[in-house]
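K.L.:
Any chance you can model this:
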Amino acid sequence: MKRQIERLSPHQNGKVCGVLMAVITLPMFLFMGVPMLLLMPKADHAGNPAHFAFPMVMFLLMPIFYLVFTYLFLAFGCWLYNKLYRWLGGFEFEFKADD
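P.N.:
Residues are numbered from 1 along each chain as shown. As a prediction, this is how the structure comes out:
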């Protein structure tokens, strides 16, 4: 039986996907940040103490950025889908009911 999705909830879908992106990216950025912190040179080529070229706090802020921007763009995408549904129709899928 073919069905179409008539409406997507912008807030709920944005919230779920935003949190998922933050949870998925936090370990990734931690695994990237710790080796970067340990392997950065302590001095530049002239012997001067080297300062962090990339702030380590960014590795902790990036999952928050992912959460916010995923929420915003997905909520906008759902809103746009809901507006265009009248002219284009919705996502169509087929499912089989098990007896």
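K.L.:
which residue ranges form the strands in this structure?
P.N.:
2-4, 92-94 (DSSP state E).
K.L.:
Of the ones you listed, which is nearest residue 29?
P.N.:
strand 92-94 (34.6 Å; Cβ to Cβ). Using the backbone N, CA and C atoms, a C-beta is placed for each residue, glycine as well.
K.L.:
list the helices and strands the closest one packs on?
P.N.:
Contacts defined by 3 or more Cβ pairs under 8 Å, 6 or more residues apart in numbering; DSSP states H and E place strand 92-94 against strand 2-4.
K.L.:
how far is the strand it packs on from where the chain is centred?
P.N.:
28 Å (Cα atoms, centre = their mean, to the nearest Å).
K.L.:
counting contacts, what elements does it pack onto?
P.N.:
Packing partners of strand 2-4 (3+ Cβ pairs under 8 Å, 6+ apart): strand 92-94.
K.L.:
what about the chain, any weak spots by pLDDT?
P.N.:
51-54 (pLDDT under 70).
K.L.:
longest helix anywhere in this structure?
P.N.:
In the chain, ranked by residue count with DSSP state H as the criterion, the top helix is helix 57-88.
K.L.:
Quick check: buried residues in it?
P.N.:
Of all the residues in helix 57-88, those buried under the rule 16 or more other Cβ atoms under 10 Å are 59, 62, 63, 66, 67, 70, 71, 74, 75, 78, 81, 85.
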